[in-house]
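Undergrad: Can you look at this prediction? I've put the sequence above it.
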Amino acid sequence: MAGIINKERVAFVAPASHGWSIHAAGAPNGAALRTVESLRDAADAIPPDQEIHLALPCDAALLTRLRFPSTDLGELGGMVRLQLEKTLPYPPEEITSGFDVVESAGQESILVATAVNTGRLEALCQPLRDSARLPARVTVFVLHVAATCPRDEIVFLVYKENGKLVAALCEKGKPAAVQVFADAAAVVEALPRLLTSAELEDIPTAVSLVRLDTQLAELEEPLCAFFGAPVEFFSPDAQAPPASRADLLPASWKKESLRIVRLQQLRERLLLAVAVYGAFILMALLYLVILKAKVHSVDGKLDVLRPQLVFIHARQIRWNALSPAVDPSRFLIELLYQIDKSRPADSVRVTSFHATGSEFLLDGEAPTASMAIRFGDLLRKNPELARFKFDIPAPRILPNGHAQIRIAGKS
């Protein structure tokens, strides 16, 4: 069933106050197995037979409360997608979204929609990808924390996440309004503004309970005075992760995860085959003894031919060293010309370029990710650069919205 986290063979990885916490499969009350500094450490700590369910920090995703005139989940998914495409500054293909239903009454539904930029998600999960441990499910941690709140109360929730403070106004166990702050003082200062903004969006603000991270005792008095509501302390890291149906895992990752699982199964079968055919290896060793005599004969012939091979090898090395100077197609100026000719537009700039006789590395910048990808495709299709094998990682989105390019070519 979608959203079940604390089941066998699943490790739930979530942002801790600093670093990441790992909730072990089958651990009592979902207790955290350990806390690690990075996702790379988390991938190393989780047994290979366990799936990884990753909860994103709040500042890595967008959460918004929406109201739609429908209760059909299929229709709601399409409406959420359309609304996010209108409001988010990314192309539709670079957005992965999901939603949780807060309330359905009559023909109307209130939702909490979540979305993440695929490029940012790929950058965050790169350590997991490098370890061939792509997550099987991706959610946002504030959804799981909010789900521990009483559903019959309006709860103001504050907890620590990756060194920052997440404040959420929770309605029926869902985060209706969420904001990230640098410190406790900023939370107190922003309270009137946060509630006014929530009221303008028709979000209930009659807080009846304040839930505070145990590390934020300094907020107990000001929040109690502001809301006039009781304060309850809790530890996000110790919470059993409740369900959330909003899965932000890109469709392409699901295929890649399936491919990785199949490769692991194939590896296991190969190991079994190695054990079965161990007896044949012993027979092969006996056969090698017979061949040893023939090898001695071949070695004698090689001794005769070795001077000629050394001469040919020396000539080849000399030619490879001279080819950049005598072969016009290998001139550095020709290489630069072909790279410049492959730019899809003048707005695609090459900011640095380093080259040797057989390889080059360039950095550049494009106004959009699609144009950066187009530049890489044109380089690959340029017949004058056919001798190069290109390594073109996905472009990285810069703060100004441009795409940073890094391309390596090796002949």
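TA: That came through fine. Numbers count the residues shown, from 1 in each chain.
Undergrad: how about the helices in the chain?
TA: Along the chain, the stretches classed as helices by DSSP state H are 39-45, 73-87, 118-124, 126-130, 141-146, 184-200, 220-227, 251-276, 278-326, 332-341, 369-381.
Undergrad: relative orientation of the longest one and helix 251-276 in degrees?
TA: Looking back up the chat, that one is helix 278-326. Computed by axes from the mean of the first three to the mean of the last three Cα atoms, to 10 degrees, the angle separating helix 278-326 from helix 251-276 equals 130 degrees.
Undergrad: sorry, back to before: JSON lines please, covering the helices of the chain and showing mean neighbour count and mean pLDDT.
TA: In this view, the C-beta of every residue, glycine as well, is placed from N, C-alpha and C. Formatted as JSON lines, the helices of the chain follow (neighbours: other Cβ atoms under 10 Å; pLDDT from 0 to 100):
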{"stretch": "helix 39-45", "mean neighbour count": "19", "mean pLDDT": "88"}
{"stretch": "helix 73-87", "mean neighbour count": "14", "mean pLDDT": "78"}
{"stretch": "helix 118-124", "mean neighbour count": "17", "mean pLDDT": "88"}
{"stretch": "helix 126-130", "mean neighbour count": "15", "mean pLDDT": "87"}
{"stretch": "helix 141-146", "mean neighbour count": "27", "mean pLDDT": "90"}
{"stretch": "helix 184-200", "mean neighbour count": "14", "mean pLDDT": "91"}
{"stretch": "helix 220-227", "mean neighbour count": "15", "mean pLDDT": "92"}
{"stretch": "helix 251-276", "mean neighbour count": "11", "mean pLDDT": "77"}
{"stretch": "helix 278-326", "mean neighbour count": "10", "mean pLDDT": "78"}
{"stretch": "helix 332-341", "mean neighbour count": "14", "mean pLDDT": "88"}
{"stretch": "helix 369-381", "mean neighbour count": "18", "mean pLDDT": "93"}
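Undergrad: Now render those as JSON lines, adding distance to residue 209.
TA: Listed next are these as JSON lines, based on distance: least, Cβ to Cβ, whole Å:
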{"stretch": "helix 39-45", "distance to residue 209": "32"}
{"stretch": "helix 73-87", "distance to residue 209": "29"}
{"stretch": "helix 118-124", "distance to residue 209": "32"}
{"stretch": "helix 126-130", "distance to residue 209": "36"}
{"stretch": "helix 141-146", "distance to residue 209": "12"}
{"stretch": "helix 184-200", "distance to residue 209": "15"}
{"stretch": "helix 220-227", "distance to residue 209": "9"}
{"stretch": "helix 251-276", "distance to residue 209": "37"}
{"stretch": "helix 278-326", "distance to residue 209": "65"}
{"stretch": "helix 332-341", "distance to residue 209": "62"}
{"stretch": "helix 369-381", "distance to residue 209": "44"}
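Undergrad: so which of those comes closest to residue 23?
TA: In this view, those are compared for proximity to residue 23 by Cβ to Cβ, and helix 141-146 is the closest at 10.0 Å.
Undergrad: export the closest one as CSV, just CAs?
TA: This file holds the C-alpha atoms of helix 141-146, laid out as CSV (Å, rounded to 0.1, in the frame of the first residue of the first chain):
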residue,chain,number,x,y,z
PHE,A,141,9.9,15.1,5.8
VAL,A,142,7.5,17.8,7.1
LEU,A,143,4.6,15.6,5.8
HIS,A,144,5.7,12.8,8.1
VAL,A,145,6.3,15.0,11.1
ALA,A,146,2.9,16.7,10.6
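Undergrad: In contact with residue 34: list those residues for me.
TA: 21, 22, 45 (Cβ atoms under 8 Å, 6 or more residues apart in numbering).
Undergrad: Ok, residue 391 next?
TA: 407, 408, 409, 410.
Undergrad: quick one, domains of this structure?
TA: For the chain, the domain assignment from automatic domain parsing gives the residue ranges 10-261, 277-325, 329-410.
Undergrad: Quick check: buried residues in stretch 100-115?
TA: 100, 101, 102, 104, 109, 110, 111, 112, 113, 114, 115 (16 or more other Cβ atoms under 10 Å).
Undergrad: Would you check which pair of the residues you listed lies furthest apart?
TA: The widest separation within these, taken as Cβ to Cβ, falls between 104 and 115 and amounts to 21.1 Å.
Undergrad: of all the contacts of residue 34, which comes closest to residue 294?
TA: Scanning the contacts of residue 34 for proximity to residue 294, where the rule is Cβ to Cβ, the winner is residue 45, at 51.7 Å.
Undergrad: Wait, that closest one touches residue 23, no?
TA: No: when contacts are counted by Cβ atoms under 8 Å, residue 45 is not listed as touching residue 23 (11.8 Å).
Undergrad: so what's the spatially most central residue of the chain up against?
TA: Residue closest to the average C-alpha location in the chain (Cα atoms, centre = their mean): residue 125, at 2.7 Å. Listed by Cβ under 8 Å, 6+ apart, the contact set of residue 125 reads 39, 54, 134, 135.
Undergrad: can you list the weak-confidence ranges in the stretch 1-150 of the chain?
TA: 1-8, 25-33 (pLDDT under 70).
Undergrad: where along it do the strands fall?
TA: 10-15, 20-23, 32-36, 51-56, 62-68, 95-105, 108-117, 137-140 (DSSP state E, counting those that start in this stretch).
Undergrad: that older thread, and of the contacts of residue 125, the nearest to residue 156?
TA: Among the contacts of residue 125, and counting by Cβ to Cβ, the member closest to residue 156 is residue 54, at 26.6 Å.
Undergrad: Contact partners for the closest one?
TA: Contacts of residue 54 (Cβ under 8 Å, 6+ apart): 13, 14, 125, 128, 135, 137, 138, 139.
Undergrad: With the flanking residues excluded, which residue is spatially nearest to it?
TA: Nearest non-adjacent residue to residue 54, counting by Cβ to Cβ, 6 or more residues apart in numbering: residue 135, 4.0 Å away.
Undergrad: got it, and residue 87?
TA: residue 64 (7.9 Å).
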